[in-house]
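Q: Mind folding the following:
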Amino acid sequence: MSPELSPTHNPAHVRHGSSIGQPLTRRDGVFKVTGQARFAADNHPAGLLHAVLAVSSIARGRVTSLDVAAAKAHPGVVEVMTPANRPPLALDPDAKTNPFAFRIDVLQSDRVRYANQPIAVVIAESLEAATEGAALLAPHYETEPARVGLDAGDSFAPAAVGVGNPAQVRHGDVEAGLAAATHRVDATYETAAQYHNAMEPHAIVAQWDGDRLILDTPSQGMAIAQGRLGELLGISPDKIHIRSPFLGGGFGSKGLINGPQVLGVLAARLVGRPVKLVLRREHMYGPVGHRSPSRQRLRLGAAGDGLLTAIDHHARIASSSFDDFYEPAADASHTLYASPAIATTHEAVRLDTGTPLFMRAPGEATGSLALESAIDEAAHACGLDPLAFRLKNYAEVEPTSGKPFSSKALRECYAQGAERFGWSRRPLAPRQMRDDHGFLVGWGVGTATFPALMFAAEARAVITADGSGTVEIGAHDMGQGAWTALAQIAADGLGLDLDQLTFKSGSSDLPDAGIAGGSAHTATAGTAIHNAGAAAIAKLAELATTDARSPLYGAGNAGVIARDGRLVRRDDDQRGESYADILGRAGLAQVEARGTGVPDPAAQANYAMHAHGAVFAEVKVDPELGQIRVSRVVGAFAAGRVINPRLAQSQLLGGMIWGVSFALHEEAIADRRSGRILNANLGEYHVPVNADVPSLEALMVEEHDPHVNALGIKGVGEIGITGSAGAVANAVWHATGVRVRRFPIRIDDLVVAS
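A: Numbering: from 1, shown residues only. Below you'll find the model as predicted:
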């Protein structure tokens with residue numbers, strides 16, 4: 001049965017008319033606070049077995065032996081899956097069939113390519129037995145030296161960065177611009193590797209029914225997952241049913257099928273019973289993606305009046321030894337600041353890690369931290385206020401392409417954010433402010449930007465004889481509130497009160513919603529839903545306007561509008577009739593229609609499409625201990641049409657918190673001898689808690705964009721992290737006078753420097 005949120009599960013009543021723009025509470029909130037929300041690992045089909053991964057403790061080499069006999073002899077253990085008995089696959093898991101088919105480790109050999117790589121799967125009657133069985137495998141290895149860190153090997157120029165982005169972009173003569181500059185900045189910034197740490201770890205419950213496969217697993221892209229699994233298993237994707245009604249966070253790591261999920265499927269095939277496999281927290285540091293470390297050199301030139309003459313952004317990033325994903329960090333410099341010369345280049349090294357993959361604002365988060373720090377340094381070199389410097393170099397068109405922006409309310413973001421923060425009281429020089437306790441106080445600003453993306457999706461809309469509606473789409477809610485925002489779009493498209501709508505989502509047997517990534521899900525799925533609703537209303541209007549018995553007769557489809565479960569004439573809203581009356585007279589139980597959402601190629605060719613924002617941060621630093629506290633963060637963001645302000649604000653706040661984390665907390669530390677991540681847990685891999693971010697405020701600046709899509713939506717999932725880390729870093733400099741260029745900023749960076 002497809003998961004759904006029906007009218008009886010919607011506690012928030014809205015006024016008649018459009019619900020778009022209203023700050024409704026989450027429709028799935030009651031499920032979650034009452035424990036009714038069923039996540040993947042909450043499923044327990046009859047005959048369920050538990051699977052546990054045995055993972056490598058080395059980063060490079062091969063497994064020479066496993067004590068399979070000892071593990072199988074343990075009470076409760078049913079089977080041990082190794083390269084020797086793993087069921088066959090129809091496709092080499094190292095094959096690259098499309099840009100999103102990343103290589104995975106599914107026991108295809110004894111080779112070890114990174115620490116925490118799966119090397120066996122123990123299947124047992126209980127989780128405890130499987131865990132104990134995995135410990136009894138006692139693997140032995142033939143070890144090779146691990147390549148760790150950005151200086152571990154020779155670098156090379158990747159063919160592309162991100163997904164098909166050019167690794168080098170040049171506009172104008174950078175060297176000439178630097179030579180002509182009155183003021184120059186040449187600085188190198190380093191960022192640490194980061195790992196996804198969603199509350200819900202990756203999990204799968206797999207059960208075979210003949211040649212059909214039923215999966216409960218968190219997914220940000222069910223149709224993509226069906227296709228990938230189908231080619232690996234040699235079965236038609238339509239024989240794979242994925243249920244993913246609730247995700248406990250994803251941040252990009254659940255966008256693509258990974259090795260552990262495939263191993264859960266193969267384990268179920270091996271034993272002929274349903275199998276549940278849930279990653280332990282430490283197992284997530286390897287096979288499910290992460291954010292690459294970076295070393296970024298920024299060279300900026302500015303004339304005497306503060307106008308930029310050149311931007312040169314070079315990034316050194318890393319990928320795994322066996323696959324290609326390169327964080328497009330330098331691409332952050334393409335769009336923000338007007339300069340007659342801009343160059344962005346990348347080089348890469350191969351490390352013995354799992355493959356870095358998509359992680360919230362991939363490229364933009366990493367690159368904007370370096371860029372915004374360098375822009376601050378340039379402002380200081382010119383003797384200008386950092387905000388004034390940014391406004392002086394405001395880009396009226398996209399600098400590298402020359403395209404006009406589809407819309408850009410960044411000036412308004414600067415103005416509203418600065419006013420709310422009190423930026424006008426900021427002294428120009430550092431170390432000028434202290435609080436009542438003697439702590440140094442600093443204020444910093446960072447500019448936020450993220451592309452307004454859109455993918456392809458399909459939705460189905462139905463209007464039934466009782467006047468209610470149903471909208472179906474295989475969308476994904478990983479905590480961002482998609483079930484609520486998309487339902488608001490669905491109700492608006494059908495001209496219904498939200499209480500009259502049943503919204504079905506979270507299952508692969510529903511129309512393909514594309515992928516929930518790139519801050520594009522609401523725009524993509526929402527456009528498909530909107531168009532499906534419009535098509536259903538058009539069918540209903542055809543029935544009414546061609547029926548002589550209807551008060552709408554002769555109006556034509558374009559002459560009626562849908563409102564409050566009725567069609568009314570555009571030229572006389574007193575003349576109309578209900579959906580139920582129209583269908584009843586026609587003798588129909590329902591009308592239904594499908595709609596698609598696809599990007600407009602002409603708009604994409606002619607306009608640069610981005611969301612923008614400005615983030616202002618206040619930090620307090622103990623002058624003796626060097627301890628940093630972020631005391632205030634204010635962000636102002638323009639992201640087109642906002643479907644639900646409450647949910648959008650939540651996303652923006654979450655992104656800003658991650659920016660604080662980027663600047664001050666997150667760092668995966670690898671043992672340079674073994675390649676293992678030493679802090680692969682939430683106790684030592686630091687993320688902010690409430691005490692770390694006491695005051696947050698996100699302002700939403702009004703912006704109308706007629707070009708990005710029919711609904712004017714840009715997306716807010718990732719823009720909040722861009723600019724935020726730079727604002728914190730710049731505030732630390734303003735408080736202390738110490739410019740730290742290695743992130744996260746450590747206490748010793750300040751104490752030693754001072």
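Q: Roughly how far does Asp436 sit from Lys620?
A: 11 Å (C-beta to C-beta, to the nearest Å). (Glycine included, C-beta is placed from N, CA and C.)
Q: now do Glu718
A: From Glu718 over to Lys620 (counting by C-beta to C-beta), the distance is 28 Å.
Q: which of the two has more neighbours?
A: Just comparing Glu718 and Lys620: by other C-beta atoms under 10 Å the higher neighbour count belongs to Glu718, 27 against 21.
Q: contacting residues around the more buried one?
A: Residues near Glu718 by C-beta atoms under 8 Å, 6 or more residues apart in numbering: Arg360, Ala361, Glu364, Ala365, Phe450, Gly518, Ser519, Gly655.
Q: Which ones among the residues you listed lie within helices?
A: Of the contacts of Glu718, the ones assigned to helices by DSSP state H are Glu364, Ala365, Gly655.
Q: which of those residues lies closest to Trp733?
A: Minimum distance to Trp733 across those is 19.6 Å, recorded for Ala365 (C-beta to C-beta).
Q: Correct me if wrong: the closest one contacts Glu666.
A: No: using C-beta atoms under 8 Å, Ala365 is not in contact with Glu666, being 10.7 Å away.
Q: between the two, who's got more neighbours?
A: Counting neighbours by other C-beta under 10 Å for Ala365 and for Glu666 shows that Ala365 has the greater number, 28 against 23.
Q: measure the more buried one to Arg170 for me?
A: Distance, Ala365 to Arg170, using C-beta to C-beta: 24 Å.
Q: what ranges do the strands span in the stretch 201-350 of the chain?
A: Secondary structure of the stretch 201-350 of the chain (DSSP state E, counting those that start in this stretch): strands at 203-209, 212-216, 240-243, 275-278, 290-291, 294-302, 308-320, 342-351.
Q: Against Ile582, how distant is Val568?
A: 12 Å.
Q: again but with Ile257, I slipped
A: With distances taken as C-beta to C-beta, Ile257 is found 45 Å from Ile582.
Q: Repeat that for Ala73.
A: 71 Å.
Q: next one: Gln416
A: Distance from Gln416 to Ile582, by C-beta to C-beta: 46 Å.
Q: Among the two, which residue is more densely surrounded?
A: Shown here are Gln416 and Ile582; by other C-beta under 10 Å, Ile582 has more neighbours (26 against 20).
Q: That one in helix, strand or coil?
A: Secondary structure for Ile582, judged by DSSP: H, G, I helix; E, B strand; the rest coil, is helix.
Q: thought it was touching Glu542?
A: No: using C-beta under 8 Å, Ile582 is not in contact with Glu542, being 10.0 Å away.
Q: Tell me the most packed of the contacts of Glu718, by neighbour count.
A: When neighbours are counted by other C-beta under 10 Å, Phe450 leads these with 31 neighbours.
Q: Nearest spatial neighbour of that residue, chain-adjacent residues omitted?
A: Ile719 (4.1 Å; C-beta to C-beta, 6 or more residues apart in numbering).
Q: go on, Arg676?
A: Spatially, and ignoring its direct neighbours in sequence, Arg676 is nearest to Ala115 (4.2 Å; C-beta to C-beta, 6+ apart).
Q: Now the phi/psi pair for Asn690, please.
A: Backbone torsions of Asn690, given as degrees, to the nearest 10, read phi -50, psi -40.
Q: and if you look at Pro93?
A: When read as degrees, to the nearest 10, the backbone of Pro93 gives phi -70, psi -10.
Q: For the spatially closest residue to Arg228 that is not a sequence neighbour, grab phi and psi.
A: Distances taken as C-beta to C-beta, 6+ apart place Ile257 nearest to Arg228, at 4.5 Å, with adjacent residues excluded. Dihedral angles of Ile257 (phi, psi; degrees, to the nearest 10) stand at phi -70, psi 130.
Q: What number of residues are in the vicinity of Ile257?
A: Neighbour count for Ile257, taken as other C-beta under 10 Å: 26.
Q: now do Ser109
A: Applying other C-beta under 10 Å, we find 11 other residues in the vicinity of Ser109.
Q: just Asp305 next, same as before
A: Residues lying near Asp305 (other C-beta under 10 Å) number 9.
Q: Quick check: the closest residue to it other than its chain neighbours vs Gly655, distance?
A: Spatial nearest neighbour of Asp305, chain neighbours left out: Lys392 (7.8 Å); criterion: C-beta to C-beta, 6+ apart. As defined by C-beta to C-beta, Lys392 lies at a distance of 27 Å from Gly655.
Q: try Ser578
A: Using C-beta to C-beta, we find Ser578 at a distance of 43 Å from Gly655.
Q: swap in Arg741?
A: On the measure of C-beta to C-beta, Arg741 and Gly655 end up 23 Å apart.
Q: Ok, Gly306 next?
A: Gly306 sits 29 Å away from Gly655, going by C-beta to C-beta.
Q: Let me have the strands of the stretch 201-350 of the chain in CSV, adding distance to Ile463 as columns.
A: Below are the strands of the stretch 201-350 of the chain laid out as CSV (distance: least, C-beta to C-beta, whole Å):
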stretch, distance to Ile463
strand 203-209, 34
strand 212-216, 31
strand 240-243, 27
strand 275-278, 40
strand 290-291, 45
strand 294-302, 51
strand 308-320, 50
strand 342-351, 50
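Q: pretty sure the residue nearest to Phe450 contacts Ala448?
A: Yes: contact criterion C-beta under 8 Å: Ile719 and Ala448 qualify, at 5.1 Å.
Q: Counting by contacts, list what the longest helix that the chain contains packs against.
A: As assigned by DSSP H, the longest helix anywhere in the chain is helix 521-545. Applying 3 or more C-beta pairs under 8 Å, 6 or more residues apart in numbering; DSSP states H and E, we find helix 521-545 packed against strand 457-464, strand 469-472, helix 482-494, strand 560-563, strand 566-569, helix 579-586, strand 590-597.
Q: So for it, mean pLDDT?
A: The pLDDT scores in helix 521-545 average 97.
Q: same thing with stretch 606-618?
A: Stretch 606-618 comes out with an average pLDDT of 98.
Q: List the buried residues of that stretch.
A: By 16 or more other C-beta atoms under 10 Å, the buried positions in stretch 606-618 come out as Tyr607, Ala608, Met609, His610, Ala611, His612, Gly613, Ala614, Val615, Phe616, Ala617, Glu618.
Q: wait, which of these is closest to Arg641?
A: Nearest to Arg641 among the buried residues of stretch 606-618, with distances taken as C-beta to C-beta, is Ala611, at 11.3 Å.
Q: Do I have it right that the closest one meets Ile713?
A: No: with contact defined as C-beta under 8 Å, Ala611 does not count as touching Ile713 (9.8 Å).
Q: Overlap in contacts, the two.
A: With C-beta under 8 Å, 6+ apart as the test, Ala611 and Ile713 both reach Ala639, Gly640.
Q: and after the lowest-mean-pLDDT helix or strand in the chain, which helix or strand comes next?
A: With mean pLDDT, DSSP states H and E as the measure, the helix or strand of the chain carrying the lowest mean pLDDT is strand 4-5 (a mean of 55). As assigned by DSSP states H and E, the chain's next helix or strand after strand 4-5 is helix 29-33.
Q: Perfect, I'm done here.
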